[in-house]
Each structure stands twice: as structure tokens, then as C-alpha cells.
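Q: quick one: sequence and predicted model below, then my questions.
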Amino acid sequence: MTQGRTRIVSICGSLRAGSVNAAVLAAAARLAGPDVEMSPYCGLDALPHFNPDRDHDAPPPGVRDLREDLARADAILFSTPQYAGSLPGSFKNQLDWTIGAGSLYRRPVGWINPSAHGGAHVHALRLVLDKAGANVVEAACADVPVGRDALDADGEIRNETLLRKIAAVTSALARAAT
């Protein structure tokens, strides 16, 4: 914990400008409350392709930054789209870089699935998180379907029902991290 505050790193699995997943995580940050510091990880597009030969004490700079960010986290909140029924390749690549360093091991994690088309990719995410030894906090894992029409002109979610569900996930993850 940072100065009595729970630090949650949020990780968006989309590289798309105006992503619904990014809007969900931004809403989580706005709703987190004074005892929670939400810190978005913003290096997904800078990570090299995972290569076990490069996964050593001196990893590439983007990987080092990812691992340092996760090392400072009390918990991690994910929101990722599905592509072709699974995780986006860039997001899976990021997860692969966390395995060797144990970045997710025993760390409380949760996710918000904003897809209105089901959650096959969430099963893939759970599988990776289980293999990584993460502590999946069930109360911090939720399907919260957010359509593009739920975003206002500024790309923010304003629907009170959606916001309550997002806040509940963030609160559950913060409680699990303390």
C-alpha cells in the first residue's frame, strides 16, 4: 500500500483509441474512492514480442517498465476485448512477459468484461491468470456489458447502473488487496 492507499494497476487489453475497455477502466478510476490509487498501465503497444531467450535479468526496457509497475501494485484490474473469440494478441503477449518474473504470483486480480457478445476470452484470461499463480478475486470479476452507445461525447460512461457495477468490482478488488 502506498501511504495508506491501495494501489491498483489497471490494464486495458485494447490499443484502440476510444476503446470501451479504456472507458471502463477510466470509470473505475473515477469511482475508486479516496483510499484507492488507480494507476493505468500504458505500455502495451511498446512491448516487444515475447521471446523466452530475452526473458532474463535484463529484459527489454518496455518489459522492465511493466514489471516495475506491477511490482508496485497491491492489485491489478483488467479490461480487455475479445478478438476472434479469445484474447487480443498484444494483450496475451503482455501476460506472457509477466510469467517468468512472477509479476502476477499471489497478487489479487479482477476484471471487467464489457463485451455484450459473451466472455469466451475471459475463460482464456482466467486460464493464464491461474497458470501465473494470481489470486483471482471472484467478487472483482464481472460481466458489465457496455455498448458504444453508453459512452458520451467525451468517451465517458454516465449510466448509473453500469457505474454502480464498475464501482462494486473496484471496491471488491481494493478490499481483497488490504
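A: That came in fine, so what should we check first? Residues are numbered from 1 along each chain as shown.

Q: what helix or strand is residue 24 located in?
A: Assessed by DSSP states H and E, residue 24 sits inside helix 20-31.

Q: give me the contacts around that helix.
A: With contacts defined as C-beta atoms under 8 Å, 6 or more residues apart in numbering, helix 20-31 is touched by 10-14, 16, 38, 40, 77, 79-81, 112, 114, 144, 146-148, 150-151, 155-157, 162-163, 166-167, 169-170. C-beta: built from backbone N, CA, C; applies to glycine.

Q: now that helix, how far from the chain's geometric center?
A: On the basis of C-alpha atoms, centre = their mean, to the nearest Å, helix 20-31 sits 10 Å off its chain's mean C-alpha point.

Q: okay, buried residues for that helix please.
A: Residues 20, 21, 22, 23, 24, 25, 26, 27, 28, 29, 31 are the ones in helix 20-31 that count as buried (16 or more other C-beta atoms under 10 Å).

Q: in its sheet, which strands sit next to the helix or strand that it is followed by, and in what direction?
A: Later in the chain than helix 20-31, the nearest helix or strand by DSSP H and E is strand 36-41. Under the criterion DSSP bridges, strand 36-41 sits next to strand 6-12 (parallel) in its sheet.

Q: quick one: contacts of the partner strand?
A: Against strand 6-12 from outside (C-beta under 8 Å, 6+ apart): 1, 19, 21-22, 25, 28-29, 32, 35-41, 44, 69-70, 72-80, 94, 170, 173-174, 177-178.

Q: the same query, at a cut-off of 7 Å, please.
A: The contact list for strand 6-12 (C-beta atoms under 7 Å, 6 or more residues apart in numbering) reads 1, 19, 21-22, 25, 28-29, 35-41, 69-70, 72-79, 173-174, 177-178.

Q: quick one: the helix holding residue 24 to strand 36-41, angle?
A: 150 degrees (axes from the mean of the first three to the mean of the last three C-alpha atoms, to 10 degrees).

Q: and stretch 164-171, which residues are buried?
A: Counting neighbours by 16+ other C-beta under 10 Å, the buried set in stretch 164-171 is 165, 166, 167, 168, 169, 170, 171.

Q: alright, that wraps it up for me.
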